[in-house]
Each structure stands twice: as C-alpha cells, then as structure tokens.
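Visitor: I would like to see how this sequence folds:
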Amino acid sequence: MSDPSEIEALFTRADGQFLFARWGRPIVPIVFGVEDSTISVFKGAIESVVALADHKMAEHDPELGANLMVFFLREWDELTDTPNLDRLIPDVAPLVERLKQAQANQYRSFRFDEEGGIKAAFVFIRMDDAMAQASADTIALSQIVQTILLWSDTAFQNASPLAVLQDDGPAVLKPDIAEVIRASYDPVLPVAATDPSHALRIFARMGQTQ
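Guide: Residues are numbered from 1 along each chain as shown. Purely as a prediction, here's the structure:
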C-alpha cells in the first residue's frame, strides 16, 4: 500500500460509509459440514492469520461458546432447514432467496460488541463448481482473511486478497493485505472506527512494521 487512500477504500462501503472493525475478543472457531481433515485445515488457517494479527484464540467464549461459525452447504436452501439458525441470522428465508438470485457461493454475517468490535461471525460457503475447484487451504485462508476484519463489501470484488506464486502451488496472502491486518490490530488503535482518518492511522502503523 503506497497511499492511505488505498487503505480507506478497503473499508469504505458501496454506500460511501467508512466502517472499520476488528475482533474485540479471542476467536473461538467451529466448522460444520466437512470432514475432520478439512476442519484441521481451517483451524490451521485461522491460527496463522490470528498469529499474524497478534490476536488471540480461545477454547470457549463465555457469551457464545463458539463465536466464529463456518458452515459448508451444497445449496442455500439448507439454511432454512437448519434448526435454530434464525436465532443467529434474522430473516433467513429472504436472505436465502437473495443469495440464490445472486448465485452467490459465500456469505458472511457479523455481530458487534458495545464498542463496535467484532464479537461473532457466521460464514456460509456453498460448494458450487468454482468452490469445488479450489483447494481446502485456499478456501480456508480466503475466508479467515475476509473475516479477521470488517472489510468493505466491495473490497475484494476485483482483486483477491490471495495470490498464487506458482502453478499448482498454494495460495498465499498478499503482503500488502497482510500488512493492513497486522497494523489494524495494533493495540494503540481502537477496535472500531467510522472516520476515514482511521486509514491514516493504519497506514502509519504499517510504516512502523515494515
């Protein structure tokens, strides 16, 4: 990132609102709908990104039990058949219709604490043809990178936060995105911000960590 405006764009939503948030509590993940081997891959990716941010993980969240829930699905209709999911995701039925119409293969929903920090995230992954062609490592890293911060809803529409350095090689986190994550978790900075000047503060911390 050569300019603070690039960081500002990563947290400026389609409606023009600047909205930044990071996790305000240790992350406690749980993964549904896949084999144990894939769960291990996911937890490994989460551990690596949490370590990058110098944040923390835990075995139990006192309020929620698990606060990062990842669901793998074959079809979006499975959401409406999941017991008690409406307690986590309001208006599930209309959401399912929107996701089907958009032919989406992923969806993330966040919950926030009193300070505006992330206290929970729910990640839904529909295994369509595009997802099926990606490796478990790539899916896991992509999802946790997009969940470790509240990025703009347009942040990665045109460019993935990951890069593949060689054919058939593993995907890796782009260095500039890694720097944004690391700087965003500097303890000097607040867990949430709505003023675009926060991008300047992140940029300044990037300079100190390079």
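Visitor: I'd say residue 179 and residue 206 touch.
Guide: Yes. Counting by C-beta atoms under 8 Å, residue 179 touches residue 206, with 4.8 Å between them. No exception for glycine: its C-beta is placed from N, CA and C like everyone else's.
Visitor: partner residues bridging residue 73?
Guide: Using DSSP bridges, the beta-bridge partners of residue 73 come out as residue 126.
Visitor: show me what counts as buried in the worst-scoring helix or strand of the chain on mean pLDDT.
Guide: In the chain, no helix or strand scores lower on mean pLDDT, DSSP states H and E than helix 85-88, which sits at a mean of 80. By 16 or more other C-beta atoms under 10 Å, the buried positions in helix 85-88 come out as residue 85.
Visitor: how's the chain carved up into domains?
Guide: Residue ranges for the domains of the chain, per automatic domain parsing: 1-20+158-210, 23-148.
Visitor: first vs last residue of stretch 180-188, how far apart are they?
Guide: One end of stretch 180-188 to the other measures 15 Å (C-alpha to C-alpha, to the nearest Å).
Visitor: let's see the least confident helix or strand of the chain as PDB, backbone CA atoms only.
Guide: Extracted C-alpha coordinates of helix 85-88, given in PDB (Å, rounded to 0.1, in the frame of the first residue of the first chain):
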ATOM      1  CA  LEU A  85     -30.400 -20.800  12.600                       C
ATOM      2  CA  ASP A  86     -32.900 -17.900  12.700                       C
ATOM      3  CA  ARG A  87     -31.600 -17.100  16.100                       C
ATOM      4  CA  LEU A  88     -28.200 -16.400  14.600                       C
END
